[in-house]
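Asker: Predicted coordinates and the sequence they were generated for:
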Amino acid sequence: MVSNEYKYKNEIAIYHQHTYNKWLILILLLVAVFVMMLVSLNLGSSDMSLSDVFFAFIGQGDPKETVIIWQLRMARVVAALLTGAGLSLAGCVMQNNLRNPLADPYILGISSAAIFGANIAIIVLGAGSVIGISTGGSVAINNPYTVTICAFVSSMSAMLIILTLAKLRGFTPEAIVLAGVALSAIFYAGTIIIQYFATDITLSAAIFWTFGDLGRVSWKEILILNVVVMLTTAYFFFMRWDYNALANGEETAKSLGVKTEHVRFLGLLTATLVTSVAVSFMGMIGFIGLIGPQIMRRIVGEDHRFLIPASALAGSAILLASDTLARIVISPVVLPVGAITSLLGGPMFLFILMKGVRRA
């Protein structure tokens, strides 16, 4: 009796210690995001000290520096925070609902579908051009909202096709991933065909859009993205117990009363929504949905009470760091942030793949 009571108390103590450790990790992640925000605001082509950044931030600094901070750098930082969090959350839920550690919006074809839609807008509908041809020219998107809407509709349509096929044909989670890969190839082929008939100007504009860029959005687009990311985060966190049940297997979840098909369908649809909005505004930013959740799973485990906020914070920190690196590595040239995230995500993808092969 005494032995059982001691064992019970010991298990409770271990549980509380694990919970404390996870809360500590979340706090450290929050601090890391804050530090990355300061670093990102401080670094750039304009030579500004931390004190200059602080006074410009509160509106007491030099007017020119205030414009740089609020209209350029702060908008970029907030865009990175929201986009990183949204893509990482989408990857977290997709990996859990599809029981596949390699599932993420980039691999499932959502990003490829968005690129296809953007190419239709830019090349077919004429939403792209080159400004100042006589002076060398710079690529511009004439009608960014047309591009955004086409990219959004295309990416949402891609996932709706996959989910409809899954519901009608009874696809397994593994088959859903393969269907996404197949659909990605189809959209890629469609993009190539459209680009083949493009003029030099529209092709340049289409390629320019494809490069992930956090600096192309205004505060108006950031507000829309903020609403979508906040609502998505709230929904995912509300469903955390159902996701925990799914993480323990299909049969376990059903025995606990979870409507697995319903939960999986709505989770994937919501993940696609936040991905579609982010990609339609920012362009192609790959592997954030793979890197953030995978790192956090190894640190906080499968408990979605902690995994969901940890993935969001990790995605924000990673994208902030990637964007800062893209701006300073060959300054004053700004590299596409999507190239940096792909350089980080490619090795991570191979690592997960090789680990799975070893287990098999």
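Answerer: Sure thing, it's come through. Residues are numbered from 1 along each chain as shown.

Asker: And what about Asp323, helix, strand or coil?
Answerer: helix (DSSP: H, G, I helix; E, B strand; the rest coil).

Asker: switch to numbering from 417
Answerer: Right, with 417 as the first residue, what we last looked at is Asp739.

Asker: surely it meets Ala496?
Answerer: Yes. Using CB atoms under 8 Å, Asp739 makes contact with Ala496 at a distance of 5.1 Å. From N, CA and C alone the C-beta is placed, and that goes for glycine too.

Asker: what's the overlap in contacts for the two?
Answerer: 456, 630 (CB atoms under 8 Å, 6 or more residues apart in numbering).

Asker: For the helix or strand containing Phe532, which outside residues touch it?
Answerer: In this structure, Phe532 sits in helix 526-535 according to DSSP states H and E. By CB under 8 Å, 6+ apart, the residues outside helix 526-535 that reach it are 521, 563, 566-571, 573-575, 596, 599-600, 603-604, 606-607, 610-611, 622, 625-626, 688, 691-692, 695-696, 699-700, 702.

Asker: Out of those, list just those in helices.
Answerer: The helices, defined by DSSP state H, take in 563, 566-571, 573-575, 596, 599-600, 603-604, 606-607, 610-611, 622, 625-626, 688, 691-692, 695-696 from these.

Asker: Can you go through those and name the buried ones?
Answerer: Neighbour counting with 16 or more other CB atoms under 10 Å marks 563, 566-571, 573-575, 596, 599-600, 603, 606-607, 610, 622, 625-626, 688, 691-692, 695-696 as buried within those.

Asker: So what's the gap between stretch 729-745 and the chain middle?
Answerer: 12 Å (CA atoms, centre = their mean, to the nearest Å).

Asker: List the buried residues of that stretch.
Answerer: Neighbour-count burial for stretch 729-745 [16+ other CB under 10 Å]: 729-744.

Asker: Return the member of the residues you listed nearest to Asn642.
Answerer: Compare each of the buried residues of stretch 729-745 with Asn642 using CB to CB and the shortest gap goes to Ser732, at 12.5 Å.

Asker: any idea how far that closest one is from Ala529?
Answerer: 24 Å (CB to CB, to the nearest Å).

Asker: swap in Leu641?
Answerer: 19 Å.

Asker: Those two: who's more crowded?
Answerer: With neighbours defined as other CB atoms under 10 Å, Leu641 and Ala529 compare such that Ala529 has more, 32 against 24.

Asker: State the distance from that one to Pro521.
Answerer: 10 Å.

Asker: quick one, strands of the chain?
Answerer: 544-547, 554-557 (DSSP state E).
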